[in-house]
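Engineer: predicted model and sequence below, questions to follow.
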Amino acid sequence: MSDLYLCPVTFDEAVDFVGCHHRHHPAPTGHKFSIGVARGGEIVGVAMVGRPVARLFDDGWTLEVNRTCTKGLPRNANSMLYGAAWRAAKALGYRRLITYTLASESGVSLRAAGWRVVAERKPRKGWNMPGRPRIHTTEHNVQRTLWEAV
């Protein structure tokens, strides 16, 4: 039996954790809620859930797991976060929860939490558009997979 347990985390705690441990993205600038997973009194992972980045999905009924991050071990921490995020989103009245993975990521944590692939997204040059200027803060030209909780 696992000694992992879920715990509440503040936005600032989640931002600090992601800043220290995430491989390729900074923390999001906001959230609807964040969840922690801990072992022995120490936070070993966080999930940050917020409004969808893609405006098409920002319909008032959909949230996005904008970031998950663990210290690598223990196993199952990321799956626990994805499952808890979906349960929390449903409890708040949301009907859909989505997230993206890079093509280089297997998605095993998502599959273990019962998520499914919705689409493969082509690489894009970035989020900076003439009508919506953005500062580059992440990797671009990378294929992504869109997932949703079921």
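Structural biologist: Right, received. Where do you want to start?
Engineer: wait, what's in contact with Thr10?
Structural biologist: Ser34 (C-beta atoms under 8 Å, 6 or more residues apart in numbering). All C-beta atoms are positioned from the backbone trio N, CA, C, and that covers glycine.
Engineer: same thing with Gly114?
Structural biologist: Here Gly114 is in contact with Gly83, Trp86, Ala149, Val150 (C-beta under 8 Å, 6+ apart).
Engineer: surely the last one is in contact with Val117?
Structural biologist: In this case it means Val150. No: between Val150 and Val117 there is no contact under C-beta atoms under 8 Å: 10.7 Å.
Engineer: neighbour-wise, which of the two wins?
Structural biologist: Val117 (13 against 9; other C-beta atoms under 10 Å).
Engineer: for whichever strand or helix holds that one, buried residues please.
Structural biologist: In this structure, Val117 sits in strand 115-121 according to DSSP states H and E. Neighbour-count burial for strand 115-121, with 16 or more other C-beta atoms under 10 Å as criterion, is recorded at Trp115.
Engineer: please name every helix or strand in contact with the following helix or strand past that strand.
Structural biologist: With elements assigned by DSSP H and E, the helix or strand that comes after strand 115-121 is strand 144-149. Here strand 144-149 touches helix 77-91, strand 96-102, strand 115-121, going by 3 or more C-beta pairs under 8 Å, 6 or more residues apart in numbering; DSSP states H and E.
Engineer: could those be laid out in CSV, adding distance to Leu56 and mean pLDDT?
Structural biologist: Conversion of the helices and strands packed on strand 144-149 to CSV gives the following (distance: least, C-beta to C-beta, whole Å; pLDDT from 0 to 100):
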stretch, distance to Leu56, mean pLDDT
helix 77-91, 18, 98
strand 96-102, 11, 96
strand 115-121, 12, 95
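Engineer: any chance of those in TSV, plus distance to Arg144?
Structural biologist: Shown next, in TSV, are these (distance: least, C-beta to C-beta, whole Å):
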stretch	distance to Arg144
helix 77-91	16
strand 96-102	5
strand 115-121	4
